[in-house]
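Q: Have a look; sequence and predicted model below, questions after that.
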Amino acid sequence: MGWFNSVKNPKLKNVKRQGSSTPVGIWKKCNGCSEILQTDKLEQNANVCPFCDHHYRMTAESRIDLIMDEGSFEEFGQDLETQNPLEFSDKVSYDSRLTKAYNNTSKKDGTVCGVGQINGRETVIACMDFRFMGGSMGVVTGEKIALAMDEGLKRKAPVIVVSCSGGARLFIIRDYKKENGYYALD
Ligand SMILES: [Zn+2]
């Protein structure tokens, strides 16, 4: 906590802005203890509040940066893309949900796979990102995790899966179910 005490401006403690609970700029108010945090220092502390240990959500990239040796990570499978073969739609079409997820994350899927090193040891990693449809598992995520396992076997390297998911994207199509049993749509 020492680093934080040296940079914290005590006047900013419990600052409240009209219409917003978070000050603009490089400061943010902790959701756990309401202390004012410097965002770059918070990132350096692995997105954990130094006052109350509140854990903030991390992107797949920030987890990989945290875990893997600097500059060693090489992504694979990034071109795999979810399809919508049943043209599924509920309140919002599945294609629209996917487009929103693409725009939020600049990714084609919520799982990032690759190989790199941890303290010099070659390691394969598959890391989910909650920003992409709640980190839910569709066929591309399943495929990517299978790819990571295959890559680990091929390289005889350990495989780490960082599971950060709300579950599976699973829809049951009633008519299809009658004829064919359950049908899982990505
Ligand atoms: Zn806190």
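A: Okay, I see it.

Q: Now the residue nearest the centre of the chain: phi and psi?
A: Note on the chain: the residue nearest the mean C-alpha position is Asp129, at 1.7 Å, using CA atoms, centre = their mean. Note on Asp129: its backbone torsions stand at phi -130, psi 120 [degrees, to the nearest 10].

Q: again with Asp69
A: phi -60, psi 140.

Q: residue ranges with poor pLDDT in this structure?
A: By pLDDT under 70, the weakly predicted segments of the chain are 1-25, 170-186.

Q: just to revisit the earlier point, contacting residues for the nearest residue in space to the residue nearest to the centre of the chain that is not next to it in sequence?
A: In space, and not counting its chain neighbours, Asp129 is closest to Ala60: 3.9 Å by CB to CB, 6 or more residues apart in numbering. All C-beta spots, glycine's among them, are computed from the backbone N, C-alpha and C. For Ala60, the contact set (CB atoms under 8 Å, 6 or more residues apart in numbering) comprises 110-112, 127-129, 162, 164.

Q: Show me what whichever helix in the chain runs longest is packed up against.
A: Using DSSP state H, we find that the single longest helix of the chain is helix 139-155. Applying 3 or more CB pairs under 8 Å, 6 or more residues apart in numbering; DSSP states H and E, one finds that helix 139-155 contacts strand 111-118, strand 121-128, strand 159-162.

Q: got those as JSON lines, with mean neighbour count and distance to the ion columns?
A: Below are the helices and strands packed on helix 139-155 laid out as JSON lines (neighbours: other CB atoms under 10 Å; distance: least, CB to the ion, whole Å):
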{"stretch": "strand 111-118", "mean neighbour count": "22", "distance to the ion": "28"}
{"stretch": "strand 121-128", "mean neighbour count": "21", "distance to the ion": "25"}
{"stretch": "strand 159-162", "mean neighbour count": "17", "distance to the ion": "23"}
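
Q: Any chance of JSON lines for those strands, columns distance to Ser136?
A: Output for those, formatted as JSON lines (distance: least, CB to CB, whole Å):
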{"stretch": "strand 111-118", "distance to Ser136": "10"}
{"stretch": "strand 121-128", "distance to Ser136": "9"}
{"stretch": "strand 159-162", "distance to Ser136": "15"}
